[in-house]
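**Q** Quick check, what structure comes out for this input:
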Amino acid sequence: MGIPMELTGLQKLRSKYVPRLPPALESSRVKLVRGDATTAADPSDALAIGRSYPITYGQPLVHFLPDTSCSGLTKELRIGVVFCGRQSPGGHNIVSGLYDALKSYNSNNVLLGFVGGTEGLFAQKTVEITEDLISSYRNQGGYDLLGRTKDQIRSVQQVNDAKAACEAFKLDGLVLVGGCTSNTDAAQLAETFAATGCHTKVVGVPVTLNGDLKNQFVETDVGFDTICKVNSQLISNICTDALSAEKYYYFIRLMGRKASHVALECALQSHPNLVILGEEVSTSKLTLFYVTKQICDAVQARAEQDKHHGVIVLPEGLIETFPEVYALLQEIGTLIKQGVEVADIPAQLSPWASALFNYLPPFIQKQFLLEWESGESVQLSQVETEKLLAQLVETELNRRMKAGTYKGKKFNAICHFFGYQARGSLPSVFDCDYAYALGQICYHLVREGLNGYMATVTNLKQPVSQWHCGAAPITAMMTVKRWWRGPGVSQIGKPAVHPCKVDLNGRPHELLMRNSSAWLLEDLYRNPGPIQFSGPGSDSRTVTLSVQDQDYIGRIEELHAYLEKVKNIVKPGCPEEVLKAALISLASTTEVLSAMSSPAYRGALPF
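**A** This is a model prediction of the structure:
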């Protein structure tokens, strides 16, 4: 870490690629335009978020435009950058974009990388980013330029250590690269720094391979495009192998902890026979037994067509979405928090939990009892859900075969977990361009003294020349979780940027549902091939991004244009009937919008 690396021929070729910039960043100077003050997406959360973040909540939305005015050198800046979350393709381009923007405005600007993630931040372990160092990491995968360790900044001591590091290095800005947890930490640091007089401005960047940091301001995350393309190729290769041998069922587990975006996107790209999304299971409260039966029914239906092969895709977080398994894990987690020894946990489970625990195969029992993660959840990457389902399906099919209801061939399963194969991949052209633009935006945010913001680029499904650059307060992306404990009683969690789950009413899932029956019984496998870095296919977007109609910032600007037109039409001296029509229309619109913004209405929505 922190040293130039030796490159292969392809890596050298990729390192010379110059990412394309959106129009707002192409100019030698960039102008920041402040918009309206922001608010919480759910009005019922506004009070809790405002109390927790009294300084940074309600800040305005900002966007960037080319600045044609001539100006000299800007003041010298010192900025630090930290890789907080799990490594995701494109992370290095955030650093290179930030570095290039810093040096283009003032060659005396300094960029410090904290080595070893947040642990390096706390320990004040840094390396200065220079051209010699960054040149071999441009457009490269992984986080090996700086590395990462823990991905959280939660305790008072950790916050104080982060503040001490920023003050020791006299940083004007601190950029945190990561997902939901890391950006929630960025918001907390920004608030604390502002409250305690620390002049360092904190900026977040949406980077997560899970693709679950999505909201009205963030359309997709750095790394998601690459992860899905690499995994889709691997799945497609297995689909081809399944069709060739015609005797194996492949169970493939993909990354995706709280949300199933990777599994959904890879299914849309490769067309496996069956994909099981965690959101479908949790929404319908499907049990492990029911899903096992669902898979067995699919195998039996294919066997009746003399097909004894298939490919089944599932996310790593699926195991937690089964209601009975979730309850079991909650009991195990409670006992772990109480300090109960691992060997003693099975004996202290409630009767029903003990029955389920003993029903599960020994390898799953051991994996449930592994040391839990910092986020207080089981190590999902270590829980072999694909093997569990394959074993349960085999047992049920053997039972059916003995009963004479299944007349197919002997069931043969092969299991795979694609958890790490794609994380260090060379980033796609999209991720290279996207990450580089976000890195440049981070510089402009720090230069303008903005604190507690996340860099954003919207209209991403269009060519780079149509991308819109800006930033939004992280507090505007926060929600507050509530757990109902009985009639009229609820527990309120802390405001945070929570993972966005797959919208079962959204266009990507609707596309999956339209094709699921055909994919199940027919072998309509699709192979997108490896990532293309030039020529046809190099500018392709994920299916998820392409089918969504999401340009929130563009619609805000469109709304402002309409409001301006109304102001220009309804001026003093306009006809009485024009004034009356405007009042009636606006009164009706205001009434509808007020009703839609009420907590009662938001609670009635299916998401």
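**Q** ranges for the strands of the stretch 1-150 of the chain?
**A** In the stretch 1-150 of the chain, the strands defined using DSSP state E, counting those that start in this stretch lie at 30-37, 60-66, 78-83, 110-114, 126-128.
**Q** Out of the ones you listed, which is closest to residue 214?
**A** Ranking the strands of the stretch 1-150 of the chain by proximity to residue 214 (C-beta to C-beta) places strand 60-66 first, at 17.1 Å. In short, each C-beta sits where N, CA and C put it, glycine included.
**Q** burial count for residue 197?
**A** For residue 197, the neighbour count with other C-beta atoms under 10 Å is 6.
**Q** which stretches of the stretch 151-300 of the chain form strands?
**A** Taking DSSP E, counting those that start in this stretch as the criterion, the stretch 151-300 of the chain carries its strands at 173-178, 201-206, 249-254, 274-275.
**Q** One more: the stretch 451-600 of the chain?
**A** 453-458, 468-473, 482-486, 489-492.
**Q** so what secondary structure elements neighbour the second one?
**A** Taking 3 or more C-beta pairs under 8 Å, 6 or more residues apart in numbering; DSSP states H and E as contact, the helices and strands that strand 468-473 lies on are helix 23-26, strand 60-66, helix 429-447, strand 453-458, helix 552-569.
**Q** was I right about residue 35 contacting residue 556?
**A** Yes: assessed by C-beta atoms under 8 Å, residue 35 is found in contact with residue 556 at 7.3 Å.
**Q** Show me the common contact partners of those two, please.
**A** residue 61 (C-beta atoms under 8 Å, 6 or more residues apart in numbering).
**Q** If you drop the residues flanking it in sequence, what lies closest to residue 453?
**A** Leaving out its chain neighbours, the residue that sits closest to residue 453 by C-beta to C-beta, 6 or more residues apart in numbering is residue 471, at 4.3 Å.
**Q** From residue 326, how far off is the one you found?
**A** Applying C-beta to C-beta, to the nearest Å, the value for residue 471 to residue 326 is 36 Å.
**Q** between the two, which one's more packed in?
**A** Shown here are residue 471 and residue 326; by other C-beta under 10 Å, residue 471 has more neighbours (28 against 12).
**Q** Give the full set of residues in contact with that one.
**A** Per C-beta under 8 Å, 6+ apart, neighbours of residue 471: 61-63, 203, 441, 445, 450, 453-456.
**Q** out of those residues, who's nearest residue 419?
**A** The closest of the contacts of residue 471, once distances to residue 419 are taken by C-beta to C-beta, is residue 454, at 26.5 Å.
**Q** show me what contacts the closest one?
**A** With C-beta under 8 Å, 6+ apart, residue 454 has these contacts: 183, 186, 203-206, 217-218, 471-474, 477.
**Q** mind redoing it with 6 Å?
**A** Residue 454 is in contact with 183, 204, 472, 474, counting by C-beta atoms under 6 Å, 6 or more residues apart in numbering.
**Q** confidence score at it?
**A** For residue 454, the model assigns a pLDDT of 98.
**Q** same question, residue 606
**A** Looking at residue 606, the pLDDT reads 39.
**Q** if we can go back for a sec, for the helices and strands packed on strand 468-473, which one sits closest to residue 501?
**A** helix 552-569 (18.3 Å).
**Q** what mean pLDDT would you report for that closest one?
**A** 83.
**Q** residues of that helix that come out buried?
**A** Judged by neighbour count using 16 or more other C-beta atoms under 10 Å, the buried positions of helix 552-569 are 552-553, 556.
**Q** cool, stretch 347-363 as well?
**A** 349, 353, 356-357, 360.
**Q** can I get the CA coordinates of that stretch in PDB?
**A** Only the C-alpha atoms of stretch 347-363 are listed here, as PDB (Å, rounded to 0.1, in the frame of the first residue of the first chain):
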ATOM      1  CA  ALA A 347     -28.300 -24.900  25.300                       C
ATOM      2  CA  GLN A 348     -29.700 -21.500  26.200                       C
ATOM      3  CA  LEU A 349     -31.900 -21.100  23.100                       C
ATOM      4  CA  SER A 350     -35.700 -21.100  23.600                       C
ATOM      5  CA  PRO A 351     -37.400 -24.400  22.700                       C
ATOM      6  CA  TRP A 352     -38.600 -23.400  19.300                       C
ATOM      7  CA  ALA A 353     -35.300 -21.700  18.400                       C
ATOM      8  CA  SER A 354     -33.400 -24.800  19.600                       C
ATOM      9  CA  ALA A 355     -35.600 -27.000  17.500                       C
ATOM     10  CA  LEU A 356     -34.800 -25.000  14.300                       C
ATOM     11  CA  PHE A 357     -31.100 -24.800  15.200                       C
ATOM     12  CA  ASN A 358     -30.900 -28.500  15.600                       C
ATOM     13  CA  TYR A 359     -32.800 -29.000  12.300                       C
ATOM     14  CA  LEU A 360     -30.100 -27.100  10.400                       C
ATOM     15  CA  PRO A 361     -27.000 -28.900   9.100                       C
ATOM     16  CA  PRO A 362     -24.000 -28.700  11.400                       C
ATOM     17  CA  PHE A 363     -22.000 -26.500   9.000                       C
END
